[in-house]
Structure formats: structure tokens, C-alpha cells
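A.B. asks: What follows is a predicted structure for the sequence shown.
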Amino acid sequence: MRIPSSPLVHLRAIHAGARALVVMGVLLVTAVVWVPLPAGATFQGSTPGNVAFISICDSNIGQAVYSVNPVGTPPPTYACPGGTNPYTQSTAGSADSMPYFSSLGTTLYFASNRLGSGNNPGANGNFAIYQVTYPPTVSGSPGSQTDGATQITFPGTSNDYAPTVSADGSELSFLRCNSGTSSCSLYVQNPIVGGTPTLVNTSVPPVLPDSVSGAASRPEIDPADPSQILYVGTDNHIHLVSLTSAFAERDLSSESGITAGQADEYPDWNPAGTNVIFDRSHVVYVFYGINPATGSASACQLWSSDPGTEIEPIYAPNDTATATSGNCNPTTNQYVWTKLGGGSNIIVDGHGDANPVLLTSNRSNNSQPAWQPVSPSTGTPEVPMAAVLPGLGGILLAGAFVLERQRRRKLTGSNI
């Protein structure tokens, strides 16, 4: 016989059900709020990909961007003309230079005087900044090829060189130089496409984009803080400038004890934004202990091999170990640099003096390396967990309704 349920039983059931729903709601909200989202201002690539560089492999092509993958035992060596290696090129006789990868490695930025649009005069004229999906798809015959690159700065009668991009993809920095490169200034552009260039500093030395010294003054945006930018001044010192004026512009070279007659150039942040690798009179050094509160920085020589022949050093995209006074060269770090002397070729080194490997050969003008970061598996940012948890929460909430309905049936003896 069915026992009629009392109002008290119904109230208890409703109260218990509400309590269950509140608990599930708290769990759901807690799950959404507490899951960490990927930081926007961090280097998103996690493994080293190709090393891009400039070279003149074919007079019909002119100066172009080529690439080689350093992975292998031994790593493969790139030799002109390169066969199927991807490269950028548009118009015969033009020059592409100073490649730089986005933090995911899917976009390549570079300077070029190819035939452009807007107020860029075109091939063999003024340089502008371009971007292209990497690896680019090149089609056509040498001298009349296309690679799908898009012009993103329009310098008019000036020249734009040395692009770098913030880790969060919001900001472009570059050098804008007067015709003949008699003087240059540091600019930033936000957003990267369609933004208006903003002047940051005018004390930047001339740039020679078609020589091995083309990237000497390239500005470098701090991957951990896009408001901080490194640049090489006319005093041949590396300076750190803040776009937010949180602290005065600093001379890292002077802070670290540079001596008269030495020149610092080619700065490159490590992906964590804690160290800066650079060339001090063609010897590789590292800035460490960069302290904005005290206005101090220290420098140590990275390794002792081939001093006086090392320029354009860069970190591997997955380098997160921090150099310190007691450990200038962490064993997990990797580097690429250009070696002067019998030809300017690109070198990769697993660690310091440990068997550096020549990546390019047969040319005396291979230079300006950039190391591609590759994101895990897909090459795209990971989906934030909070974006998928509402679906999971809905399933849990529906499950709570079902369980509560079954419990009420037992309490009341109802089939409802």
C-alpha cells in the first residue's frame, strides 16, 4: 500500500534538492573560476623549429630568407641553392632581411624593398615591414615569384627595418630610418596590422640591412612585459626603455661595466624575459640580474670558443633557464649565432663549447638568424579550460537533477 507523503516530507525533499543544486552550482562556478588560463604575454612556443636566416643564393632571386631545421644527428647543413627549403621572395633584385618569428612560429616578419603597396616605392626602393604565414608558399620562376606576404608598415620616403613582435602578438617594434640610413628612430605599432606607428626614441644608429651587421640595432620587446624594449643606441650601448615610463631609460651596458672601446649589439631576450644574450665586440655575453628597482645589471661571458668572431646570438625558443652570477651558462640552454671569419655561417650549439654545429655552408653572407618556436602538436594556442568546463558543468548539473529525482521517489513513494 502506498503511504501518502506529508508536507514535511515534501519540504525536506525540496530543501535537500536545493542544497544539492547549490553544492553543484558552487562546484561548477569554482571549476570555472579557479582553472588558470594561458597567459597572454608569455612565449607560447615550446619546442625549437627551423632556423631562418638571410642569404644570396641566386642572383635571379636576390637576398631572401631561407631556413634549415637543426634537428638530427648530425643536424642537416643547408647549402645554396637549397632545393625545397622555404624562402621568401617577390621581385628580382629586391632584398628581404631581418626575419623574426611570432611566438607561435606561424608568422614570419621581415623587412623588404620589394614592390609594395600604398606609399612604398617598390623594388630596390624603400624598405617596409611585411608578414607572411610560415612556411610561405612560393610560386613562380626566380625573379617573378610570389610568397603571399602582406605589407604592414608604410614608411613613405623613409625605410623600415628590423621588426620584432611582442609575445602576446599585440605590438610591433621596428626601426624607421631616413633615406640613406643616416639616422634611425625606434617605433612601435599597436595593433600590428592597421596601427599607427608611435615614436619611442630617436637615438638609434644607422642600419645596413643588406650587410652582415643588418640586425645589430634590432629592437627587442621583453616577452614577459611588452612595455619594455631593448635597443642599441648611437653610443653602441644596449638600452632598456619603458613605454609606460615606470622607470627612466637605462643603459644596461654601463650598468654591467662595459669598458671604453667595447661595443654591445644584437640583444636577444630569453623567452622568460629574465636574461639578454648579446655580442660585446664580437664575443657573446649575457645580461643577468636586470633589476629595475636598483637600476643594476651584470654581464658574464657565455663561452670562450672563437672570441672575436661571434655575432647575432639568439636563444632557443624553449630556453627558460636563467643565468646567474654562479651559472652564466645553464646546461639546458641552446643558442644560435653567426660566425665571422672564413664565411658568415650560422652555428647551433647545444651548450657553450660543446661541439657547435655548422648549419649553413657555401656562402659568406649567411646571417641574421631567427629561431622558430613551435607550439605543442597543433601549432595553435591551447583552448582555455574555462571554455570547455561549462559543458562539463551542464552534464554534472543534469546528473544532479536525475539523482535528486530518484531520491525523491524513494522518500515519497511517488512515480513522479
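C.D. replies: Looks like it arrived, so ask away.

A.B. asks: So which residues of the stretch 201-350 of the chain form strands?
C.D. replies: Taking DSSP state E, counting those that start in this stretch as the criterion, the stretch 201-350 of the chain carries its strands at 220-222, 225-232, 238-242, 250-251, 264-269, 276-280, 284-291, 296-301, 310-315, 335-339, 345-349.

A.B. asks: what about Pro369, neighbour count?
C.D. replies: Here the neighbour count serves as a burial measure; for Pro369 (other C-beta atoms under 10 Å) it reads 26. C-beta: built from backbone N, CA, C; applies to glycine.

A.B. asks: Alpha carbons only: can I get the helix or strand containing it in CSV?
C.D. replies: With secondary structure defined by DSSP states H and E, Pro369 is part of strand 367-374. Once non-C-alpha atoms are left out, strand 367-374 reads as follows in CSV (Å, rounded to 0.1, in the frame of the first residue of the first chain):
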residue,chain,number,x,y,z
SER,A,367,73.4,35.9,-41.3
GLN,A,368,70.6,37.3,-39.2
PRO,A,369,69.3,34.1,-37.7
ALA,A,370,65.9,33.7,-36.2
TRP,A,371,64.7,30.5,-34.4
GLN,A,372,61.2,29.4,-34.9
PRO,A,373,59.1,28.4,-31.8
VAL,A,374,56.7,25.5,-32.4
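
A.B. asks: So for it, what gets flagged as buried?
C.D. replies: Of the residues in strand 367-374, those with enough neighbours to count as buried (16 or more other C-beta atoms under 10 Å) are Ser367, Gln368, Pro369, Ala370, Trp371, Gln372, Pro373, Val374.

A.B. asks: and what of stretch 244-262?
C.D. replies: Using 16+ other C-beta under 10 Å as the test for burial, stretch 244-262 gives Arg250, Asp251, Leu252, Ser253, Glu255, Ser256, Ile258.

A.B. asks: per-residue confidence at the fourth one?
C.D. replies: pLDDT for Ser253: 95.

A.B. asks: so what's it up against?
C.D. replies: Under the criterion of C-beta atoms under 8 Å, 6 or more residues apart in numbering, the contact list for Ser253 reads Asn236, His237, Ile238, His239, Asp264.

A.B. asks: hmm, 6 Å instead?
C.D. replies: Taking C-beta atoms under 6 Å, 6 or more residues apart in numbering as the definition of contact, the neighbours of Ser253 are His237, Ile238, Asp264.

A.B. asks: which stretches of the stretch 151-300 of the chain have low pLDDT?
C.D. replies: Residue ranges of the stretch 151-300 of the chain with pLDDT under 70: 179-182, 205-216, 245-248.

A.B. asks: same thing but at 50, please
C.D. replies: Applying pLDDT under 50 to the stretch 151-300 of the chain flags residues 209-214.

A.B. asks: quick one: which of the strands of the stretch 201-350 of the chain is nearest Gly156?
C.D. replies: The stretch from those with the least distance to Gly156 (C-beta to C-beta) is strand 225-232; that distance is 21.9 Å.

A.B. asks: Extract the C-alpha trace of that closest one and format it as CSV.
C.D. replies: Listed next in CSV are the C-alpha coordinates belonging to strand 225-232 (Å, rounded to 0.1, in the frame of the first residue of the first chain):
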residue,chain,number,x,y,z
ASP,A,225,56.5,42.7,-20.4
PRO,A,226,55.7,44.2,-23.8
SER,A,227,56.1,47.7,-22.4
GLN,A,228,59.9,47.2,-22.1
ILE,A,229,62.0,47.3,-25.3
LEU,A,230,65.8,46.9,-25.8
TYR,A,231,67.6,48.8,-28.5
VAL,A,232,71.2,49.7,-29.4
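
A.B. asks: So what are the sheet partners of it and their directions?
C.D. replies: Note on strand 225-232: by DSSP bridges, its sheet partners are strand 220-222 (antiparallel), strand 238-242 (antiparallel).

A.B. asks: Let me know the angle separating that strand from strand 284-291.
C.D. replies: Note on geometry: by axes from the mean of the first three to the mean of the last three C-alpha atoms, to 10 degrees, strand 225-232 and strand 284-291 are set 140 degrees apart in direction.

A.B. asks: picking that back up, partner strands of the strand holding Pro369, with direction?
C.D. replies: strand 47-56 (antiparallel).

A.B. asks: Mind listing what's buried along the strand it pairs with?
C.D. replies: Using 16+ other C-beta under 10 Å as the burial criterion, the residues of strand 47-56 that qualify are Pro48, Gly49, Asn50, Val51, Ala52, Phe53, Ile54, Ser55, Ile56.

A.B. asks: now those residues as JSON lines including pLDDT?
C.D. replies: Written out in JSON lines, the entries for these read as follows (pLDDT from 0 to 100):
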{"residue": "Pro48", "pLDDT": "86"}
{"residue": "Gly49", "pLDDT": "88"}
{"residue": "Asn50", "pLDDT": "88"}
{"residue": "Val51", "pLDDT": "89"}
{"residue": "Ala52", "pLDDT": "90"}
{"residue": "Phe53", "pLDDT": "88"}
{"residue": "Ile54", "pLDDT": "86"}
{"residue": "Ser55", "pLDDT": "83"}
{"residue": "Ile56", "pLDDT": "79"}
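
A.B. asks: among the contacts of Ser253, who's most crowded?
C.D. replies: Comparing the contacts of Ser253 by number of neighbours (other C-beta under 10 Å), Ile238 comes first, having 32 neighbours.

A.B. asks: That one pairs with what?
C.D. replies: Val232.

A.B. asks: unless I'm mixing things up, it is touching Gln262, no?
C.D. replies: No: applying C-beta atoms under 6 Å, one finds Ile238 not in contact with Gln262, separated by 11.4 Å.

A.B. asks: start to end distance for stretch 320-329?
C.D. replies: Using C-alpha to C-alpha, to the nearest Å, the end-to-end distance of stretch 320-329 comes out at 12 Å.

A.B. asks: Give me the mean pLDDT for it.
C.D. replies: Mean predicted confidence for stretch 320-329 is 88.

A.B. asks: Buried residues of that stretch, list them for me.
C.D. replies: Going by neighbour count (16+ other C-beta under 10 Å), the buried part of stretch 320-329 is Thr320, Ala321, Thr322, Ala323, Cys328, Asn329.

A.B. asks: for stretch 56-66, same thing?
C.D. replies: With burial defined by 16+ other C-beta under 10 Å, the residues of stretch 56-66 counted as buried are Ile56, Cys57, Asp58, Ile61, Gly62, Gln63, Ala64, Val65, Tyr66.
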